[in-house]
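**Q** Turn this into a model:
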Amino acid sequence: MRGPHFTHSRLAAQGLSLGGPPTQHTSDVLRVATYNIHKGVRGVGPRKRLEIHNLGLGIEALDADLVCLQEVRLFEKREANRFVRTHLGWPDEGQADYLAPEGYSVAYRTNATTRHGEHGNALLSRWPIGDIGHHDVSDHRFEQRGLLHVPVWWQGVEVHAVVAHLGLIHASRVRQVERLAAFIAQEVPPGAPLLVAGDFNDWGEKLDGPMQAIGLRRARVGAERAQRTFPSAVPIFALDRVYTRGLACVSTTVPRNSGWARMSDHLPLLVELRLD
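**A** Residues are numbered from 1 along each chain as shown. As a prediction, this is how the structure comes out:
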């Protein structure tokens, strides 16, 4: 894990203030972020750059109880060699451990294995965690997808967190929601507070119905418009979401400025929840 907490001056220097309305962060509010970090690298060819160190600053700035991450590298030999001569270089440990603020617990499971490495979903938790579970929901051989399941003990209550990264094809996503429902029925106690957070790749806004059918509602305040997170430079689509059961949403925020836009092709979504 990284060393001491980053100072607010360093966060401001990187343009990573959250902006938006004041936080509702009190003892009865669970602050949850979901963020597709694009494997810590941006750009192509000779313009490819390492962003994992800036992402550490960004995650620190979110000040979330739970940070749900997608496209997280455990290792990647080719990229590690590419950036070995840069000022800070590729982290020695997996990206989830590197990005975790001091004192946070880390859960990571691999979704996809490639020739040079592997990547998956992660949860960084300010609160104690239980046994870590993983469920493969790949729909075809061209996309390796999975669910990361982590029980979290928050204020004496066991909240079940599932980190998801669904497929690029709508029919695949519908089948993955069905598999999510079966997984929840098997692994999550009935009535337990539950959140499912991640990159749903739902370009056409078609998944709210299937998710509601399995007892999960999208975290938003009243009839507010969905928070758009993709692409990060000019966000048009609300691909990154949190769905809940037994938790009510009290605020949603997406930080938007050049500092956030440069680190990933997605912006993070930050929601604040209370027991329903």
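**Q** Please enumerate the helices of the stretch 151-276 of the chain.
**A** 170-187, 208-213, 258-263 (DSSP state H, counting those that start in this stretch).
**Q** ditto for the stretch 1-150 of the chain
**A** 8-13, 52-62, 77-82, 95-99.
**Q** on contacts alone, who are the packing partners of the shortest one?
**A** Using 3 or more C-beta pairs under 8 Å, 6 or more residues apart in numbering; DSSP states H and E as the contact criterion, the neighbours of helix 95-99 among helices and strands are helix 52-62, strand 66-76, strand 105-113, strand 117-125. No exception for glycine: its C-beta is placed from N, CA and C like everyone else's.
**Q** what's near enough to touch Pro128?
**A** 105, 152-153 (C-beta atoms under 8 Å, 6 or more residues apart in numbering).
**Q** Going by neighbour count, which of those residues are buried?
**A** Burial by neighbour count, 16 or more other C-beta atoms under 10 Å: within those this picks out 105, 152.
**Q** Pick the one among the contacts of Pro128 closest to Lys206.
**A** Lowest distance from Lys206 to the contacts of Pro128 (C-beta to C-beta) belongs to Val152, with 29.3 Å.
**Q** what's the closest of the contacts of Pro128 to Arg31?
**A** Val152 (12.2 Å).
**Q** what's the spacing between that closest one and Gly94?
**A** Distance of Val152 to Gly94, given as C-beta to C-beta, to the nearest Å: 20 Å.
**Q** go on, Glu178?
**A** Glu178 is 31 Å from Gly94, by C-beta to C-beta.
**Q** who's more crowded, those two?
**A** Gly94 (20 against 14; other C-beta atoms under 10 Å).
**Q** doesn't Ala80 make contact with that one?
**A** No - counting by C-beta atoms under 8 Å, Gly94 does not reach Ala80; the two are 11.4 Å apart.
**Q** Please compute how far stretch 127-144 lies from its chain's middle.
**A** Mean-position distance between stretch 127-144 and its chain equals 13 Å (C-alpha atoms, centre = their mean, to the nearest Å).
**Q** Sorry, slip of the keys, the one I care about is stretch 42-57.
**A** 18 Å.
**Q** what do you get for stretch 135-154?
**A** On C-alpha atoms, centre = their mean, the centre of stretch 135-154 falls 13 Å from that of its chain.
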